[in-house]
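S.K.: Here is a sequence with its predicted model. Questions after.
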Amino acid sequence: MSTVVRAAIIGSTGYGGVELIRLLAGHPQVEVTSVVSSSSAGAPIAEGFPHLNEIRTDLLDDVDPALLKSKADVVFIATPAGVASKITPLLLAEGLKVIDISGDHRLKDRSEYETWYKKEPAAQEYLDQAVFGLCEVYGESVRGADLISNPGCFPTATLLGLVPAVKAGLIDPASIIIDAKSGVSGAGRGVSLGNHYSEVNENFKAYKINKHQHIPEIEQVLSDIAGKKVVTTFTTHLVPMTRGIMSTMYASMTGNHTNEDFISLYRNYYEGRPFVRIRQNGVWPATKEVSGSNYCDIGFAVDPRTNRVTIVSVIDNLVKGAAGQAIQNLNLMMGWDESLGLRFVPVYP
Ligand SMILES: NC(=O)C1=CN([C@@H]2O[C@H](COP(=O)(O)OP(=O)(O)OC[C@H]3O[C@@H](n4cnc5c(N)ncnc54)[C@H](OP(=O)(O)O)[C@@H]3O)[C@@H](O)[C@H]2O)C=CC1
Ligand SMILES: CC(=O)N[C@@H](CCC(=O)OP(=O)(O)O)C(=O)O
C-alpha cells in the first residue's frame, strides 16, 4: 500500500512556497493539505496567484501549529530568515516533521548566524538536531530525520561542484575562489530598490562581496569534507534573468590532473544519484540547460599553464536550490526513491 504524506507550506505565497505547490502537484505520494500565510489567511490562494486557478481552490491558513498538526504530517517552511527558528520548536512539539528552506538551521555555530544574518539564532538543540540536507553528500543522514535544513541556493551549486575534488585531494581547498551569479527570483518576491526592473534589466552587478551569508555555509561543509578549517573567497552577482544560478570556481590543483581525471572522479562520486550530471570533456553547462528541473550540471576546464582548474556548476535556484531539493529531502526522509515526483525535463529554450 502506498503512503500519502500530507504537507503544509508556511510561506506558500513566496517564490519558494509557490514553487513547492507547483512541484508537489505532480508528486504521487504527497498531498498539499495546507497553504499558510501570515498576512493573507482566509483568502483563496488562487486570488493572489491566478496561475493556480482551478488547480488550488483552498483558502490560506493562519500560522497555527495545532491546526497544522490536524492537517499535515510534514511542514515545509519557506520564510525569511528569523522566522523558522521561532516556529520549528512548536511544530516539532506537535509531532510534525519539518523541512526548513531558510537559512535558520544551516549554521551549527550560533555566533556565526548572528554575525552573517544579523538576527537571533535558533536554539542550539535544534541546530544540533537539524540535518543539512545536501542530498548527494549527506543523504544517508537525511533518512529518518525529523528536521532538515535545506541548503542555500548558492551553496548547493557551489558545494556539488567542489566536494568530490576536495574530498579526493585533487585541489588545494585554501586556493578556492568562487564567482557566483543568480537570477532575480533568488531575492524572493518582495520588491526592493535593488531588484526592480529598471535596476536589473540590461545590468550586471556584484553584491555582498565578502559579506554574503552563504560564505559560512560553504566553509562549514568544505571544512567538514577537508577535515580542516577552510576559508574561501565568494562573490555573488545579480544577472537579468528570472531563474538560474551559475557558480564558477577556480582552484589550484595538487598535481598534473586532467579534465578526464575530474570527469571520472565526479562520475564515480555521483554514481546512482539522478540529479547531478557531469558534462563531457570541453563542454560547460548553461543555466537554461537545467531551468525548471532538479538537475545540477557540472563541467571542468583544467589549465596546464597555471595548474588550476575551473569548475562550472549550474542549477535552477527555485528547484535544486530550494523547492526541488526540499522534496528530494522529503523523499529521502520517507525512505522513498529520491527522484519521486522530481523527474522534470528542463524547460528549453
Ligand atoms: N528564492 C530563492 O531562490 C531561494 C530562497 N531561499 C530561502 O527560502 C526562504 C523563502 O524565500 P522566497 O520564497 O524567495 O521568499 P519570498 O520573499 O518570496 O517569500 C517569503 C514568504 O514568507 C512569508 N512570511 C514572511 N514573514 C513571515 C512570518 N513572520 N511568518 C510566516 N510567514 C512569513 C511571506 O508570506 P505571507 O506574508 O503570506 O506570510 C512571504 O511570501 C528565504 O529564507 C530564502 O532565503 C532558499 C533558497 C533559494
Ligand atoms: C539574488 C539574491 O539576492 N539571492 C539571495 C539568496 C537568498 C537566499 O537563498 O538566502 P538564504 O539561503 O540565506 O535563505 C542572496 O544573495 O542573498
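M.R.: Looks like it came in fine. Since the model is a prediction, treat every value here as computed from it, not as a measurement. Ligands and ions are numbered 1, 2, ... in the order given.

S.K.: do you know how far residue 167 is from ligand 1?
M.R.: According to Cβ to the nearest ligand atom, to the nearest Å, residue 167 and ligand 1 sit 24 Å apart. Yep, even glycine has a C-beta here, placed from its N, CA and C like the rest.

S.K.: How confident is the prediction for that residue, by pLDDT?
M.R.: Note for residue 167: predicted pLDDT of 98.

S.K.: Over to residue 191?
M.R.: Residue-level confidence at residue 191 comes out at 85, pLDDT.

S.K.: quick one: secondary structure of it?
M.R.: What DSSP: H, G, I helix; E, B strand; the rest coil gives for residue 191 is coil.

S.K.: So what's the residue count around it?
M.R.: Here the count is done by other Cβ atoms under 10 Å, and residue 191 has 10 residues near it.

S.K.: what's the neighbour count on residue 42?
M.R.: Taking other Cβ under 10 Å as the criterion, the count of residues near residue 42 is 9.

S.K.: repeat for residue 72
M.R.: With other Cβ under 10 Å as criterion, residue 72 counts 24.

S.K.: Verify the stated contact: it with residue 35.
M.R.: No: counting by Cβ atoms under 8 Å, residue 35 is not a contact partner of residue 72; they are 10.6 Å apart.

S.K.: quick one: the closest residue to ligand 1 within the chain and residue 40, what's the gap?
M.R.: Distances from the chain to ligand 1, computed as Cβ to the nearest ligand atom, single out residue 14 as the nearest residue at 1.8 Å. In this structure, residue 14 and residue 40 are separated by 12 Å, where distance is defined by Cβ to Cβ, to the nearest Å.

S.K.: quick one, which of the two is more surrounded?
M.R.: Neighbour count, other Cβ under 10 Å: between residue 14 and residue 40, residue 14 has more, with 20 against 16.

S.K.: Angles on the backbone of that one, please.
M.R.: Summarising the backbone geometry of residue 14 under the convention degrees, to the nearest 10, its torsions are phi -100, psi 180.

S.K.: interface residues of the stretch 101-250 of the chain facing ligand 2?
M.R.: Where proximity means Cβ under 6 Å from any ligand atom, the interface of the stretch 101-250 of the chain facing ligand 2 comprises 102, 103, 152, 153, 182, 186, 187, 213, 236, 238.

S.K.: if I pick the closest residue to ligand 2 within the stretch 201-349 of the chain, what's in contact with it?
M.R.: Evaluated by Cβ to the nearest ligand atom, the stretch 201-349 of the chain has residue 213 as its residue closest to ligand 2, separated by 4.8 Å. With contacts defined as Cβ atoms under 8 Å, 6 or more residues apart in numbering, the neighbours of residue 213 are 81, 103, 116, 117, 152.

S.K.: one more time with 6 Å
M.R.: By Cβ atoms under 6 Å, 6 or more residues apart in numbering, the contact list for residue 213 reads 116, 117.

S.K.: one step back: by neighbour count, which of the residues of the stretch 101-250 of the chain next to ligand 2 wins?
M.R.: The member of those that has the most neighbours, counting by other Cβ under 10 Å, is residue 153 with 28 neighbours.

S.K.: Settle this for me: that one is touching residue 321, isn't it.
M.R.: Yes: between residue 153 and residue 321 there is a contact at 3.0 Å, judged by Cβ atoms under 6 Å.

S.K.: any idea how far the residue of the stretch 201-349 of the chain closest to ligand 2 is from residue 91?
M.R.: 23 Å.

S.K.: Same check on residue 33?
M.R.: 14 Å.

S.K.: the more surrounded of those two?
M.R.: Taking other Cβ under 10 Å, residue 33 and residue 91 do not tie; residue 91 has more neighbours (25 against 18).

S.K.: so how far is the helix or strand encompassing the more buried one from its chain's centroid?
M.R.: Of the helices and strands defined by DSSP states H and E, residue 91 is found in helix 84-93. Using Cα atoms, centre = their mean, to the nearest Å, the mean C-alpha position of helix 84-93 is found 20 Å from that of the whole chain.
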